[in-house]
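Student: Have a look; sequence and predicted model below, questions after that.
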Protein chains: 2
Amino acid sequence: MMLDERKKNILESVIKDYVETAEPVGSRAVVKKHKLKISAATVRNEMADLEEMGYLEQPHTSAGRIPSESGFRYYVDCMMEKERLCNEEIDLLYTIIQDNIQEWDKVIHHIGNFLSGVTNYASFIVVPSVKSSDFKFLQVIPIEQGKALLILVTDIGIIMHRKIDIPESIVPEDLYIIGKLFNQAFQGKKLEQINRTDLQLIRDNLKKRRQVIDTALDTIDGLVGNYDEEQVIISGALNILNQPEFKDLDKLKRILTLLEEDVLLKNVIPEPEGHEVDITIGKENIAEDIKEMSVVIAGYKSFGEMGKIGVIGPVRMEYWKAAGSVESVRSIIEDLFKLR
Amino acid sequence: MMLDERKKNILESVIKDYVETAEPVGSRAVVKKHKLKISAATVRNEMADLEEMGYLEQPHTSAGRIPSESGFRYYVDCMMEKERLCNEEIDLLYTIIQDNIQEWDKVIHHIGNFLSGVTNYASFIVVPSVKSSDFKFLQVIPIEQGKALLILVTDIGIIMHRKIDIPESIVPEDLYIIGKLFNQAFQGKKLEQINRTDLQLIRDNLKKRRQVIDTALDTIDGLVGNYDEEQVIISGALNILNQPEFKDLDKLKRILTLLEEDVLLKNVIPEPEGHEVDITIGKENIAEDIKEMSVVIAGYKSFGEMGKIGVIGPVRMEYWKAAGSVESVRSIIEDLFKLR
DNA sequence: ATTAGCACTCAATAAAAGAGAGTGCTAACA
DNA sequence: TGTTAGCACTCTCTTTTATTGAGTGCTAAT
């Protein structure tokens, strides 16, 4: 439905005020604050209309209006201008990234922190599973009597390692040879395709080596299995402590628990639909647990897989800032992946 | 000061009741609940004495008594019997450890989770810095054109890695040789002792290799610097949401922020004094931020360095359970280090 | 030394009163 | 016909007052 200019103005005023103060907004306040050239009475009439249309609601008869979820939806769809990061913010983020570029995990965490910092909402980043990245390199390094370290590197630079037990009789040269075998056999394969049938070469090997090869294969299974699932990085969950809508301790507890546990959060994050920033408001969320939260989310491409990044906060959210920030950070991340 | 048996009984009753209910405890309640063979009036007299001695206090004249911090202190020092983990709990912990034994980081996190789980308070583990552990092994692995992965392993099995840039002209064999050089030069040295003066061998090398060696040394500096500081692992911070003393949102926010930020928490953790479990109650804590919390902490030895493990919770804490659990987990950790 | 009895205290809860923000409606106005 | 001033009305929020009840301290009896 199309609203006329005046109704739009009023809706926007109510939204901006309400988002800022978390209080119902009265007709007088709208006129004053936004210097409209009409009287409070007129605004009241328009507000009554907007309420009838479902874009505003009244907590009780003698209170001001607050935007309904449909009101926010209309605003987001038809009126909102995303407020992207300013240059200082972008520079700051790039600096942070550069300072930690060698340590991939850290970079992701810092990006999360940054996003929750600029928006004041909780941020999340879903890093896609690595199972379809390529095997790059494997080595088994002796570290002490009977123990060795198995190191596996993927093409996108993820390093997994685990300690394994080896027979006492194995000497470093054996391990070197084993590493070589693996590298030959698996060069360029997807991690998920690695399996023991590829290793007929086992037959040609000494029994003790064969034993290590078996252990190694088991370990690789375990490692890949571990990294098999998407990883969720959460930052700034405590930001919700600032939201008056969560002054109720029970509610607070539910949401905080959700936001602290990556597993829980993952179940609740909506799927981004297109290549745009996607917004789900309150009850639009399918997951029961966040029916009074809003999620702003964008997908990003990294080596063929889709990752997700976004923020989660109260329905009374600065959607313009959140959507703009998520959009900016998304494109910075995609840049980053291109560079690597 | 020594209390007679009856006063002790009453003090203990008040403490047990108050810890459970978080409400002031009246004379009648004490008699009833703990089936003492004396009347409420007598208890009142004794309570008045205990209050004079500073072990109990009254929120207001017509309320019951609550234990003062000195009261808790007396109880902890002179009466408490630590309630160590039961066999099922110990078995559970060992199972958890065994299931993750290959991944050191995970094990620590699981221990933290376990401790906060059994106590219902926030747990922390301070892992000592690794700078005085021994250099064990270094390798530089080519991963793509112009990039290599530097991997450094210490004697206690800590694995650090970072990507480095290398000149295009370097071939895998060069890297192999460089690794060998490092291994010869640094074998068995403490990480903190590694420095470039040990590497006169640089001179004997090609210029391009020398360049890599320099990069590698810089990287090692960075890595060791990173691991230089103690690491703090926090679990179960959200447990304080269950404590009625933190129903005040501001207080809650302060404490939660503290408990979520390892850096902040580290500044606040008291030093364990002896080899015993150490308890600091409320204002006994030096750090301003936790003057209304109590800390139960124990040191543990790991390869000559001291680590710390403990829980932090409200002054109204089940000290017997907390102290016992920390003690049990401490000895399990020390066992663990002996095994490795 | 212990205890029953009782007046007293004080927070917590409930009920009543008052204040204020904001509305909807009516009637006047451009 | 759309806009606006005026005003009675509504309903929450705050303040005030009353009520309740748990628990004490003191006194006097055992």
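Tutor: Structure received. For clarity, every value in this text was computed on a predicted model and none was experimentally measured. Numbers count the residues shown, from 1 in each chain, chains lettered A, B, ... in the order given.
Student: which residue packs closest to A:Glu305, ignoring adjacent ones?
Tutor: A:Pro128 (3.5 Å; CB to CB, 6 or more residues apart in numbering or on different chains). The way it works is simple: take the backbone N, C-alpha and C, and place the C-beta from them, glycine included.
Student: domains of chain A?
Tutor: A:5-79, A:87-128+A:230-339, A:135-226 (automatic domain parsing).
Student: what's the least confident stretch among those?
Tutor: Between those, the one with the least mean pLDDT is domain A:135-226; it has a mean of 80.
Student: Say whether chain B is contacted by that domain.
Tutor: Yes - part of domain A:135-226 sits near chain B under the criterion CB under 8 Å from any CB of the partner chain, namely A:136-137, A:139, A:141, A:143-144, A:149, A:151, A:153, A:155, A:157, A:159, A:161-164, A:219, A:222.
Student: returning to what we had before: adding mean neighbour count, write the domains of chain A out as TSV.
Tutor: Listed next are the domains of chain A as TSV, based on neighbours: other CB atoms under 10 Å in any protein chain shown:
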stretch	mean neighbour count
domain A:5-79	17
domain A:87-128+A:230-339	19
domain A:135-226	17
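Student: would you list the ones you listed in CSV and tack on distance to DNA strand D?
Tutor: Listed next are the domains of chain A as CSV, based on distance: least, CB to the nearest atom of the strand, whole Å:
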stretch, distance to DNA strand D
domain A:5-79, 3
domain A:87-128+A:230-339, 12
domain A:135-226, 50
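Student: among the residues of domain A:135-226 next to chain B, which are in strands?
Tutor: A:136-137, A:139, A:141, A:143-144, A:149, A:151, A:153, A:159, A:161-164 (DSSP state E).
Student: Kindly indicate whether A:Pro270 is helix, strand or coil.
Tutor: coil (DSSP: H, G, I helix; E, B strand; the rest coil).
Student: In chain A, which residue is most central in space?
Tutor: A:Ile125 (2.2 Å; CA atoms, centre = their mean).
Student: Give me the next element, helix or strand, following the host helix or strand of A:Ile90.
Tutor: Applying DSSP states H and E as the criterion places A:Ile90 in helix A:87-99. Later in the chain than helix A:87-99, the nearest helix or strand by DSSP H and E is helix A:104-119.
Student: Show me what the very next helix or strand once past that following helix is packed against.
Tutor: Along the chain past helix A:104-119, the next helix or strand (assigned with DSSP H and E) turns out to be strand A:122-127. In terms of contacts (3 or more CB pairs under 8 Å, 6 or more residues apart in numbering or on different chains; DSSP states H and E), strand A:122-127 is packed against helix A:104-119, strand A:231-235, strand A:305-314.
Student: Partner strands of strand A:122-127 and their direction?
Tutor: For strand A:122-127, the paired strands and their directions (DSSP bridges) read strand A:231-235 (antiparallel), strand A:305-314 (antiparallel).
Student: wait, which of those strands is closest to A:Val118?
Tutor: Across those, A:Val118 has its closest neighbour in strand A:305-314 (9.5 Å, CB to CB).
Student: how distant is the closest one from the center of its chain?
Tutor: 3 Å (CA atoms, centre = their mean, to the nearest Å).
Student: That one to helix A:104-119, inter-axis angle?
Tutor: Interaxial angle, strand A:305-314 versus helix A:104-119 (axes from the mean of the first three to the mean of the last three CA atoms, to 10 degrees): 30 degrees.
Student: Tell me the helices and strands packed up against the next helix-or-strand element following strand A:305-314.
Tutor: Beyond strand A:305-314 on the C-terminal side, the first helix or strand identified by DSSP H and E is helix A:319-339. Packed against helix A:319-339 by the contact rule (3+ CB pairs under 8 Å, 6+ apart) you find helix A:87-99, helix A:104-119, strand A:293-302, strand A:305-314.
Student: can I get those in a markdown table with distance to B:Pro270?
Tutor: Formatted as a markdown table, the helices and strands packed on helix A:319-339 follow (distance: least, CB to CB, whole Å):
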| stretch | distance to B:Pro270 |
| --- | --- |
| helix A:87-99 | 33 |
| helix A:104-119 | 29 |
| strand A:293-302 | 38 |
| strand A:305-314 | 36 |
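Student: who's in contact with A:Glu192?
Tutor: Neighbouring residues of A:Glu192 by CB atoms under 8 Å, 6 or more residues apart in numbering or on different chains: A:131-132, A:224.
Student: Which of these fall within helices?
Tutor: Judged by DSSP state H, these include A:Val224 as members of helices.
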